Structure formats: C-alpha cells, structure tokens
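Q: Here's my sequence, what's the structure:
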Amino acid sequence: MKIAIIGAGAAGCFAAARLGEEIRCSGRTEAVEIHLYESGTRPLAKVRITGGGRCNLTNSFRSVRSVEAVYPRGARLMKRLLKQFSHTDAMAWFEGAGVPLVVQPDECVFPASQTSEDIIAALWRGMQAAGAQVHTGHRAQRIAPRAEGGYTLDFTNGQTAEADRVIVTTGGSPRPSGLGFLAPLSLTTLPPVPSLFSLTLEGHPLSALSGHVVQDVAVRIPGTKLAASGTLLITHQGLSGPAMLRLSSYAARFLHEANYRAPLAINWWGAHNEEEILADLRQLTGSQPKKLLSNIVPPHLTARLWATLLERCGVQPDTRAKDLHAKTLQRLAAQLSNQTFAIAGRNPHKEEFVTCGGVALAEVHPQTLECKKHPRLYFAGEVLDVDAVTGGFNLQAAWSMADAVARAIAQQLAGA
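A: I've put the predicted structure just below:
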C-alpha cells in the first residue's frame, strides 16, 4: 500500500505524522509506505519563516467572534473540522511531541523557545515515526487516475511514481498555472490571488511617519462592506500591520479585480464614531484651553502623527485650544473618523504569502476531504479554497485538514 503526499509543507508533513499514528493505533500489520514529494530543496520552508521565524502555529481563539471573522473563505468547512481537531488538539499534539508552547497577550500561540525549528523538529520526528520517505526536487506535473485503480504521478524532473492513495498538499499558488498538474482530473478551481499583503498609498502622505504604530484603528473600503480593525503600522511605502493584513484578506478578490486601486477610509479612533470622537476632542481641548493643539495629544497617538493628522484635516497645529471654533472641531472629528486615502498597489507580506482560491470546496467531501470525482484522492491545506487572516489561523487550518485526511485514510485501511 503506497500513499503519496504531494507537498512537504505544514499540511503534508502533519498528514504524514498523523497518518502514521492512526495506522499504528488501528493495529494494521500490512506494510504501508508513505512518500512525500516536495518541489523545493527543503521541506517546511514556509513554516520555517512564518511568524518572523518564530512560527505562530495556532491561536487560542478566545478573541474570535465567529469562524467567519478569521476564515474569509472556507468558514463552514473549518467549523466542521475544528470540532474534529481544534486549536487545543493542535497544542496538545505539539506539546506531546516535546514542544512547550506559550499563548501571547494577542492570543497567538508560539513555541516557548520562540523558534520555528522546534515545530519543524517535532514534525520530522512524527514523519520518521511514520516511516515516511521524503523526496525533494519533485514538482508535480501531472496526476492521472489509473484504470486499475490508484494514480500515476509525473514530475517535472522526468520521474514517475504510482500510488494507491494521493494527498495533495501543495499549498497556495501565486498563479493559476500552479494548479495545472490537476488538469487531467477535471476539477473546478478558483483562480488564486494574494490574500495577505500590505498596501501602498498614492503619494503616501504619511511617509514621513514610517515606523509609527497605532493601536485599535478601523479601516474599510468605502462603498463596500469590507472592513477590519486592529493595529496599524505606517511603513515607508504605505500601511501594514494586523488591521491592513486582515482587510487585505477580506478584500482579496475585490482588490485584485480593482488592480489594487481603491479608496481607503481610516477611523483613527477605532470603534468610536464621529460623535464620540467629538466628545473626546471637546474634553481634551476644554481641559487645556491655553495649550497649542499640537501639545494636546490624544493618548493613543504620537505627537508627530497627531500634528500630521491635524494638518491633513486643515487645522493648524499651532492653534490654541481656546481659539478653536466649534465648527472646526466638528469638522476635525468628522475627518478623524473617516479619513480617506487612495490605495495605489500592494506589497507582499514578508513573513507569509497566502492566497485565496484553489480547488473548489464543492469538489471534496467535507468530513474526509476526499475528492468526490476521484476516490482515494484527498486535498488538504491551502491548495483548497480556504484561507485565513493572520494570527495562526492558516496553520491551524493545515493541522485540522491534515488530521481529517489522516483519520479518513486510516479508517478506510482498517476496514479494508
């Protein structure tokens, strides 16, 4: 019995490790060979750099309002899979594999050592225990069903392999051509587009403030329901940070179709509306009437950013609070709650490259992720049309999907 896993990333390697565990638990005595085929020279390359090399492997989910809020695509499937293998299950697996974990104040989960190498080592130990064989430099060129059952795998290096079962875990593809190896299977796929990136701004009016961080900012694309909140980072090219990365995930297809040019509205007071901002400004200026506006800095902003925002709103920073007209204060509150900029393009998020799109979820059984058209062919990870916002949710999806596939195959083998 040969099982081929195409792609030695997070989902592929975890599928191999879990498959080994499930097969051992089933008491199956017949030989099962697990082969991982990786296009690159180093398995788990993306895991190695995720989270800035620290590996944000999951999230506590304590701050998650709904699954839809963190999985813009694939939320219904993830609701099901998280019941089978949740974040607590993932944490227990890695801790059981000898990796102490820590939950940060932002609910992101990291290895206590703060290095992805510990996560990689745990996965390697799991694969070794499963007897998995890893073949690097094997980029899939074609998967085709065999008349007698199973599949033939052709690789771009000219080599060929055969397998009784195949698990596709190739991850996200930056281009539609990256899914070309699935063509013989006649599956419905959605064109992949980037879904986690920072944004550049037209003329970048805030460029002098590169490096500034603002907590609890709300961002949205006017004329749509696309909105996000969180920490905002001003960069030398535009805007980044959790708020922008989350918005880019929600708006991935919209921005792609708009050629990454669209208006962007920022509420510098986060969840507070215009009237609440006006009340704050009245309190700040009323309690310090003799001070210059530039010296009356809201607690969540820096003095430089505050001065820049005042100027952009048409208010002179050297105006004394007592000389500020009520209508000017009202106009300032209105603009601070809805300041608009022009998006001029995108920059890839350096730590993670995530795409939306891939194999349509309608092509797989939600419980097992087995292909409906082709029995004993499975999909897991970002190759499916499932992706998440930052915070460990994408890796959790990989663990949950890989677990579902491993369980399904082990159960089939046990009943064979």
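Q: Not counting its neighbours along the chain, what's nearest residue 133?
A: Nearest non-adjacent residue to residue 133, counting by CB to CB, 6 or more residues apart in numbering: residue 35, 5.1 Å away. Heads up, the C-betas are built off the backbone N, CA and C, glycines and all.
Q: Any idea what the one you found is bridged to?
A: Beta bridges link residue 35 to residue 4, residue 133 when assigned by DSSP bridges.
Q: from what I can see it touches residue 131, true?
A: No - here residue 35 does not reach residue 131: they are 10.2 Å apart, not a contact under CB atoms under 8 Å.
Q: Of those two, give the one with the bigger neighbour count.
A: The residue with more neighbours, out of residue 35 and residue 131, is residue 35; 19 against 13, by other CB atoms under 10 Å.
Q: separation between that one and residue 26?
A: Distance, residue 35 to residue 26, by CB to CB, to the nearest Å: 20 Å.
Q: Contact partners for the closest residue to residue 268 other than its chain neighbours?
A: Closest residue to residue 268 apart from its sequence neighbours, by CB to CB, 6+ apart: residue 336 at 5.1 Å. By CB atoms under 8 Å, 6 or more residues apart in numbering, the residues touching residue 336 are 267-269, 277, 309, 313.
Q: go again using 10 Å as the cut-off
A: 266-269, 272, 274, 277-278, 280-281, 298, 301, 309-310, 312-313 (CB atoms under 10 Å, 6 or more residues apart in numbering).
Q: so what's in contact with residue 35 and residue 131 at the same time?
A: residue 16.
Q: sorry, back to before: mind checking which helix or strand the residue nearest to residue 268 is in?
A: Under the criterion of DSSP states H and E, residue 336 resides in helix 326-337.
Q: Format the CA atom coordinates belonging to that helix as CSV.
A: C-alpha atoms of helix 326-337 as CSV (Å, rounded to 0.1, in the frame of the first residue of the first chain):
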residue,chain,number,x,y,z
ALA,A,326,-16.9,74.7,17.3
LYS,A,327,-17.4,74.0,13.6
THR,A,328,-13.7,73.4,13.1
LEU,A,329,-13.7,70.9,16.0
GLN,A,330,-16.7,69.2,14.4
ARG,A,331,-15.0,69.0,11.1
LEU,A,332,-11.9,67.6,12.7
ALA,A,333,-13.9,64.8,14.4
ALA,A,334,-15.6,64.0,11.1
GLN,A,335,-12.4,63.6,9.3
LEU,A,336,-10.6,61.7,12.0
SER,A,337,-13.5,59.2,11.9
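Q: State the phi and psi torsions of residue 387.
A: Main-chain torsions, residue 387, degrees, to the nearest 10: phi -150, psi 160.
Q: Now do it against residue 73, distance only.
A: Residue 387 is 6 Å from residue 73, by CB to CB.
Q: Need the residues touching each of these two.
A: Contact with both residue 387 and residue 73 is made by residues 195, 249, 252, 356-358, according to CB under 10 Å, 6+ apart.
Q: Same list (those residues) but as CSV, adding neighbour count.
A: Output for the shared contacts of residue 387 and residue 73, formatted as CSV (neighbours: other CB atoms under 10 Å):
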residue, neighbour count
195, 29
249, 26
252, 25
356, 25
357, 26
358, 30
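Q: Any regions of the chain where pLDDT drops low?
A: Counting by pLDDT under 70, the low-confidence segments of the chain come to 29, 349-352, 416.
Q: Settle this for me: the residue nearest to residue 133 is touching residue 1, isn't it.
A: No - Residue 35 is beyond contact range of residue 1, at 11.4 Å (criterion: CB atoms under 10 Å).
Q: shared neighbours, these two?
A: Listed contacts common to residue 35 and residue 1 are residue 163; contacts here mean CB under 10 Å, 6+ apart.
Q: Going by secondary structure, residue 12 is in what exactly?
A: Residue 12 belongs to helix 10-26 when assigned by DSSP H and E.
Q: And stretch 384-400, end to end?
A: Chord length of stretch 384-400, first to last residue, is 13 Å (CA to CA, to the nearest Å).
Q: any idea how far that stretch is from the chain center?
A: How far stretch 384-400 lies from its chain's middle: 6 Å, per CA atoms, centre = their mean, to the nearest Å.
Q: what does stretch 189-207 give?
A: Put simply, stretch 189-207 sits 14 Å off its chain's centre (CA atoms, centre = their mean).
Q: Doesn't residue 396 lie inside a helix?
A: Yes - under DSSP: H, G, I helix; E, B strand; the rest coil, residue 396 sits within a helix.
Q: residues touching it, list them.
A: By CB under 10 Å, 6+ apart, the neighbours of residue 396 are 10, 56-59, 61, 70-71, 78, 81-82, 85-87, 89-91, 109, 388.
Q: just checking, what packs against the helix holding residue 12?
A: strand 2-6, strand 33-37, helix 45-49, helix 87-96, helix 116-129, strand 133-135, strand 165-168, helix 393-415 (3 or more CB pairs under 10 Å, 6 or more residues apart in numbering; DSSP states H and E).
Q: Out of these, indicate the one that is most buried.
A: With neighbours taken as mean count of other CB atoms under 10 Å, the helices and strands packed on helix 10-26 reach their highest mean count in strand 165-168, at a mean of 28.
Q: packing partners for that strand?
A: Using 3+ CB pairs under 10 Å, 6+ apart, strand 165-168 is in contact with strand 2-6, helix 10-26, strand 33-37, strand 140-145, strand 151-155, strand 377-379, helix 393-415.
Q: Next SSE downstream of that strand?
A: Sequence order places strand 189-194 as the next helix or strand after strand 165-168, per DSSP H and E.
Q: helices and strands around the helix or strand that that next one is followed by, which ones?
A: Using DSSP H and E, the helix or strand that follows strand 189-194 in sequence is strand 197-201. Applying 3+ CB pairs under 10 Å, 6+ apart, we find strand 197-201 packed against strand 238-240, helix 242-250, helix 252-257, strand 262-267, strand 339-348.
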